[in-house]
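1. fold the following for me, if possible:
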Amino acid sequence: MGWESFLNKKSSTWRGLDAKTQASITTEKAAIKLMVENTSIIKRPLIEKGDTVVTVGFNESAYEKLFTK
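-> Residues are numbered from 1 along each chain as shown. Sure thing, here's the model as predicted:
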């Protein structure tokens, strides 16, 4: 998953950023810096299987596939 999957652009934190800051988030480095400074902008929950993130954010159908076997 790329960094775009973890950045919550629907959050109030993202919406509270000025347009210049939002426009500057074009690289992984910039996104990570922003997420470190504003942890509430990270999508949650992150579900891991082993060392791999398998789903980000609430997704009912993904959860059904992961947890029903």
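2. what about stretch 8-25, average pLDDT?
-> Mean per-residue pLDDT for stretch 8-25: 96.
3. for this structure, which segments count as helices?
-> Per DSSP state H, the chain has helices spanning 12-15, 19-24, 28-37, 60-67. These are given in chain order.
4. which of the residues in the second one are buried?
-> Across helix 19-24, burial judged by 16 or more other C-beta atoms under 10 Å covers no residue at all. (Glycine included, C-beta is placed from N, CA and C.)
5. roughly how far does the nearest residue to I47 once chain neighbours are set aside sit from T26?
-> In space, and not counting its chain neighbours, I47 is closest to T55: 4.7 Å by C-beta to C-beta, 6 or more residues apart in numbering. Separation of T55 from T26 (C-beta to C-beta, to the nearest Å): 25 Å.
6. who has more neighbours, those two?
-> Between T55 and T26, T55 has the larger neighbour count (other C-beta atoms under 10 Å), namely 19 against 8.
7. hang on, the more buried one packs against S61?
-> No: between T55 and S61 there is no contact under C-beta atoms under 8 Å: 9.8 Å.
8. end to end, how far does stretch 7-18 reach?
-> Using C-alpha to C-alpha, to the nearest Å, the end-to-end distance of stretch 7-18 comes out at 16 Å.
9. and that stretch, how far out from the chain middle?
-> Centroid separation between stretch 7-18 and its chain, computed with C-alpha atoms, centre = their mean, to the nearest Å, is 11 Å.
10. list the buried residues in that stretch.
-> Using 16+ other C-beta under 10 Å as the burial criterion, the residues of stretch 7-18 that qualify are L7, N8, S11, T13, W14, L17.
11. name the residues of stretch 52-65 that are buried.
-> Neighbour-count burial for stretch 52-65 [16+ other C-beta under 10 Å]: T55, V56.
12. quote the end-to-end distance of it.
-> First residue to last in stretch 52-65 (C-alpha to C-alpha) measures 16 Å.
13. pipe the buried residues of stretch 7-18 into JSON lines and attach distance to G50 per row.
-> Supplementary listing: the buried residues of stretch 7-18 in JSON lines, determined by distance: C-beta to C-beta, whole Å:
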{"residue": "L7", "distance to G50": "23"}
{"residue": "N8", "distance to G50": "24"}
{"residue": "S11", "distance to G50": "28"}
{"residue": "T13", "distance to G50": "30"}
{"residue": "W14", "distance to G50": "30"}
{"residue": "L17", "distance to G50": "34"}
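14. nothing else from me, thank you.
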